[in-house]
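In: give me a model of this one.
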Amino acid sequence: MEFFKIKRDIPFMRHALIFNVISALTFVAAVFFLWKNGLHYSVEFTGGTVMELSYPKAADQEKIRATLRSIGYEAPEVTSFGTARDVLLRLPPADGTGGTDAQRVFGALCQAEGGTARQIQNEGDTTVRTNCVNAAGQEVLSLKRVEFVGPSVGEELAQNGLNALVMVVIGVMAYLALRFEWKYAVSAIIANLHDVVIILGFFAYFQWEFSLTVLAAVLAVLGYSVNESVVIFDRIRENFRKQRKMSVHEVIDNAITSTISRTIITHGSTQMMVLSMLLLGGHTLHNFALALTIGICFGIYSSVFVAAAIAMWLGVKREDLIKPVKERDETDGAVV
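Out: Numbering: from 1, shown residues only. Here you go, the predicted structure:
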């Protein structure tokens, strides 16, 4: 299906050098910020405590941060979770407290609200609920959830995430090398790694939290970006068969131009869903959708101006994708 059809090919490869210089500068900037700032890892990677609290009215986040600083947390992460009354705390492990972090934090927050912490067992089961009540017996704070991640678990998750990224890269290269040719595999994986590094560069520069959901988004971008490259490479192979008189850069320009309508439909539909998660999905999905948004935008760019251009500079030609027809001899293989 096509919304529109461009009659004249757009000379993308004529300006490939300019766009790839821009890509190289962006890539170097991303690597620089990764080296200088590093990633702001979430509790899943560094270890620590995650607490979900509920207030009867809109929570005063500045007051919560001040209370946490007073008990030794220099940079506590306090965010709204769902509604203004629900708060999510992400706290690094405090020295010498171990598993008592949650009790100590909840006690300090309860005291700041002028209440007393207590535990109530729910009727009909053995679940114990922790809340905070004031002198009048009114509930002023409730603890909904507590999760503790040890540093060793965080290191294991980080290593597993790196292993997953490496396996995806190797799998993509093997697939493209078998389906097309090694030049296409090299160009596509360079373009895909270009997308991944730039996403990480954004997170390093703005110090956005890098969590397991963001890692999942990065892996999704790898698959999404390579899909666009495969579509363009397929059209290049088809053009090599049909357009015998075209030069290599004309074949590539025609392949990219003829797939623009498909690119707009596919990426536009995906981006609308991702933007809905970004704007309406709340704190849990925000960074996941943010990574996907950056990855989709740069995935289109890299598939057109990076992957195709590198394949052209590596010397891709018609013979790489189409085996020459072997001429039959006069005897047609018969032996006299």
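In: quick check: Ala16 touching Phe305?
Out: Yes - under the criterion of Cβ atoms under 8 Å, Ala16 makes contact with Phe305 at 6.2 Å. Where C-beta positions appear, they are placed from N, C-alpha and C, glycine not excepted.
In: Lys5 and Ile300: what is the separation?
Out: 19 Å (Cβ to Cβ, to the nearest Å).
In: and Leu314, by the same measure?
Out: 21 Å.
In: quick one: which of those two has more around it?
Out: Using other Cβ atoms under 10 Å as the criterion, Leu314 and Ile300 rank with Ile300 on top: 20 against 15.
In: by residue count, what's the longest strand in the chain?
Out: strand 139-149 (DSSP state E).
In: what's that one packed up against?
Out: The helices and strands touching strand 139-149, judged by 3 or more Cβ pairs under 8 Å, 6 or more residues apart in numbering; DSSP states H and E, are strand 48-54, helix 101-112, strand 128-133.
In: what angle separates the longest one from strand 128-133?
Out: Here helix 101-112 points in a direction 20 degrees away from that of strand 128-133 (axes from the mean of the first three to the mean of the last three Cα atoms, to 10 degrees).
In: so which residues make contact with helix 101-112?
Out: Residues from elsewhere that reach helix 101-112, judged by Cβ atoms under 8 Å, 6 or more residues apart in numbering: 48-49, 51, 53, 63-64, 67-68, 70-71, 89, 91, 93-94, 97, 116-117, 130, 132, 140-141, 143, 146, 148.
In: so what are the domain limits for the chain?
Out: What automatic domain parsing lists as the domains of the chain is 12-41+152-318, 48-149.
In: looking at these, which one has the lowest mean pLDDT?
Out: Note on the domains of the chain: domain 48-149 shows the lowest mean pLDDT, a mean of 81.
In: first-to-last residue distance for that domain?
Out: One end of domain 48-149 sits 5 Å from the other (Cα to Cα, to the nearest Å).
In: same question, stretch 204-211
Out: 13 Å.
In: about what we covered before: which of the domains of the chain sits most buried?
Out: When the domains of the chain are scored by mean count of other Cβ atoms under 10 Å, the highest mean neighbour count falls to domain 12-41+152-318 (a mean of 18).
In: could you work out the end-to-end span of that one for me?
Out: 19 Å.
In: ends of stretch 43-54, what's the gap?
Out: Distance across stretch 43-54, first residue to last, is 20 Å (Cα to Cα).
In: all helices of this structure, in order?
Out: For the chain, the helices defined by DSSP state H occupy 16-36, 43-46, 61-70, 101-112, 151-179, 182-206, 212-242, 248-258, 260-280, 282-301, 308-313, 318-321.
In: want to throw the ones you listed into CSV with distance to Phe81?
Out: Output for the helices of the chain, formatted as CSV (distance: least, Cβ to Cβ, whole Å):
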stretch, distance to Phe81
helix 16-36, 29
helix 43-46, 14
helix 61-70, 11
helix 101-112, 15
helix 151-179, 21
helix 182-206, 21
helix 212-242, 14
helix 248-258, 44
helix 260-280, 15
helix 282-301, 6
helix 308-313, 44
helix 318-321, 52
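In: list the contacts for the closest residue to Tyr224 other than its chain neighbours?
Out: Taking Cβ to Cβ, 6 or more residues apart in numbering as the measure, Tyr224 lies nearest to Gly299, with 5.8 Å between them; neighbours along the chain are not counted. Gly299 sits next to 195, 221, 224-225, 228, 267 when contact means Cβ under 8 Å, 6+ apart.
In: circling back: the longest strand of the chain to helix 151-179, inter-axis angle?
Out: Put simply, strand 139-149 runs at 60 degrees to helix 151-179, going by the same axes, to 10 degrees.
In: can you list the strands that strand 139-149 pairs with?
Out: Strand 139-149 sits in its sheet next to strand 48-54 (antiparallel), strand 128-133 (antiparallel), going by DSSP bridges.
In: so which of the ones you listed gets nearest Asn37?
Out: Among those, strand 48-54 comes nearest to Asn37, with 19.9 Å by Cβ to Cβ.
In: of all the helices and strands packed on strand 139-149, which one is nearest Ala204?
Out: strand 48-54 (20.2 Å).
In: contacts for the closest one?
Out: Here strand 48-54 makes contact (Cβ under 8 Å, 6+ apart) with 43, 59, 81, 85-93, 101-102, 105-106, 109, 141-149.
In: what about Leu91, distance to Val149?
Out: Taken as Cβ to Cβ, the span from Leu91 to Val149 is 11 Å.
In: with Val214 instead?
Out: 16 Å.
In: pull the distance from the longest strand of the chain to the chain's centre.
Out: Taking Cα atoms, centre = their mean, to the nearest Å, one finds strand 139-149 lying 29 Å from the centre of the chain it belongs to.
In: now do it: everything it contacts.
Out: Residues outside strand 139-149 that contact it (Cβ under 8 Å, 6+ apart) are 43-44, 47-56, 86, 99, 101-102, 106, 109-110, 113-115, 129-134.
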